[in-house]
Each structure stands twice: as structure tokens, then as C-alpha cells.
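Peer 1: Here's my sequence, what's the structure:
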Amino acid sequence: MSTALINPGRIGRAVLGAGDYWKGFHELLFYSFRRLGALGKPPVRLVFLKQIYFTGVEALGAVTVIAALSGIVITTQVTSLVGQDIALTAKIMLWTIVRELGPLLSAIVIIARSSSATASELASMKIRGEIDHLRFMGISPGDYLVVPRIAGITLSVVAVTFYFQMTAIVMGYAFAAVMGFMPFIKSLSGVITTLSLAEVLVSLLKAFIFGLVISITSCYYGLRASGTVTAIPRAATGAVMRNLLTIFLLDGIISYVFFV
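Peer 2: Here you go, the predicted structure:
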């Protein structure tokens, strides 16, 4: 039992895999920043806009439902505890939605939709030789495939996070007003008064970091796929699981640094 749990070979493979991941992650990160100018080329810009549409616009339906339900549940629970204390309710709503749930749940939705799709798409292109064909035609696969996806997913995560936060707060207070818990306009005014610029900036910074992690990790797992078509679902699963573990870790670190 103890031998199965403490397996030197398994630990070694995990350490080597983590090292390869972080090396590839930093290579893609620095490459994408150096080559952002490629977005000025019409074909690359078209891929960038399609990525924004898929990752951001098409996710708004699911994000709206999740945000509305989250806002309603949180508002209901808070008002049941503190009553009609508008100032305290606003503080708890901001701490819960703006600081934590907004960036985290938005990132989870995009991981579920876009991370697996991006990793699968790139893995499929690599296995079928399409990436090699781009090189033969003199087209940089990094500029055409990686840069617009990293930029598009990152910007989409930031925009979706902001939309999630606004929707959750508005829908939560709208439900509270309908149920007679507290007045709608006065409650929103309390949120605006309580909300600080620092909290908004930290929240958007968190979303930006999540977006970079999600996009780069998805591209990394897609580009490293090799072998048969069975590598495609493995790339998608690896990207999703790595992204989930990483964003939860980063969420805790960022919250501790800025809010503790």
C-alpha cells in the first residue's frame, strides 16, 4: 500500500511533466508578447476576432444564467443573515462576487468551453500535419495559430468576468427588490458607494492572469500532442485539468496578496 502511494517513478514523471509544462508555458508567454504585432495582419486578426466571438460572445448565455443564479442565491443568503442592512449587504456582495466568484466562475465556464476546444483543435491540426503545411507555405504557426488565440481568450476572460460581476449584482438586488427584502435603487447606490477602484483593478488583474493561463495552457497541450487521434482527447483533458488546478492556486495566492 505504501509502495503504491509513494512511487519514485511516478513522482519523477510528475516532476518532469511539471518542469516541461512551465518551460513550455514561459516560451509561449514570451513569444506571444513579442509577436503581438502579428495581430495587425488581416488573416491573423480574423482568427483573433473569431476567437473572441467563440470564447466571449457565445459564452454569454451560460455566463448570464450562472451569474443571475449566483447573485440571487448570495443575496438571499446575505439578507437572511443581516436583514435590511444595505451597507453590510453591499460589502458582502462585493467581497463574494467581485473579489472571488466573478473571476473564478467566469474562468471555469471558459475552461469548460474554450480550453478543451482550443487544445483539441490544435492537437488535431498537428496530428494531421496541418501545422507542418503552414510552415511549408511560409506561414508562422505561432503567429497564425497561437498569438490570436492567446490574445482572444485573455481579452474574453476579462470582459466576461466584468459582465458576470455586473449581472450577478444587478440580478441579485433585483430579486431582493421583488421579494421585498430591500429597495433596488438604494441597494445599487450602496454598492457603488462601497466599491473601490482597487477592488475592481485587482479583480480585472485576476481575470487577466486567468485568461493568460487558460489560453497558454490550452495551446501548450494542443501543440505537444503527437501520435494517433487518441492524443486529441488526452490533450483536451490535460488542458482542462491543468487549468482548473492552476487558477484555483492562483486565486488563493492573489487574494492573499491583495486582500489579506
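
Peer 1: so how far is stretch 41-48 from its chain's centroid?
Peer 2: On the basis of Cα atoms, centre = their mean, to the nearest Å, stretch 41-48 sits 22 Å off its chain's mean C-alpha point.

Peer 1: Let me see the ranges of the helices in the stretch 51-200 of the chain.
Peer 2: With DSSP state H, counting those that start in this stretch, the ranges of helices along the stretch 51-200 of the chain come out as 60-82, 86-93, 102-110, 116-127, 130-136, 141, 147-178, 184-194, 197-223.

Peer 1: I would like the residues contacting the shortest one, please.
Peer 2: For helix 141, the surrounding residues in contact (Cβ atoms under 8 Å, 6 or more residues apart in numbering) are 131, 134-135. The C-beta positions use only the backbone N, C-alpha and C, and glycine is treated the same way.

Peer 1: Any idea how far that helix is from the middle of the chain?
Peer 2: 24 Å.

Peer 1: same question, the fourth one
Peer 2: Taking Cα atoms, centre = their mean, one finds helix 116-127 lying 18 Å from the centre of the chain it belongs to.

Peer 1: Looking at it now, give me its mean pLDDT.
Peer 2: The average of the pLDDT scores along helix 116-127 is 92.

Peer 1: what's the residue nearest the centre of the chain in contact with, if anything?
Peer 2: Taking Cα atoms, centre = their mean, the centroid of the chain lies closest to residue 107, which sits 2.8 Å from it. Residues near residue 107 by Cβ under 8 Å, 6+ apart: 157, 161, 207, 210-211, 214, 243, 247.

Peer 1: again, 6 Å this time
Peer 2: 210, 247 (Cβ atoms under 6 Å, 6 or more residues apart in numbering).

Peer 1: returning to that earlier point: rebuild the helices of the stretch 51-200 of the chain as a markdown table, extending it with distance to residue 256.
Peer 2: Supplementary listing: the helices of the stretch 51-200 of the chain in a markdown table, determined by distance: least, Cβ to Cβ, whole Å:
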| stretch | distance to residue 256 |
| --- | --- |
| helix 60-82 | 22 |
| helix 86-93 | 19 |
| helix 102-110 | 14 |
| helix 116-127 | 29 |
| helix 130-136 | 40 |
| helix 141 | 38 |
| helix 147-178 | 19 |
| helix 184-194 | 22 |
| helix 197-223 | 12 |
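
Peer 1: Identify, out of those helices, the most deeply packed stretch.
Peer 2: helix 102-110 (a mean of 25; mean count of other Cβ atoms under 10 Å).

Peer 1: got the angle between it and helix 197-223?
Peer 2: 20 degrees (axes from the mean of the first three to the mean of the last three Cα atoms, to 10 degrees).
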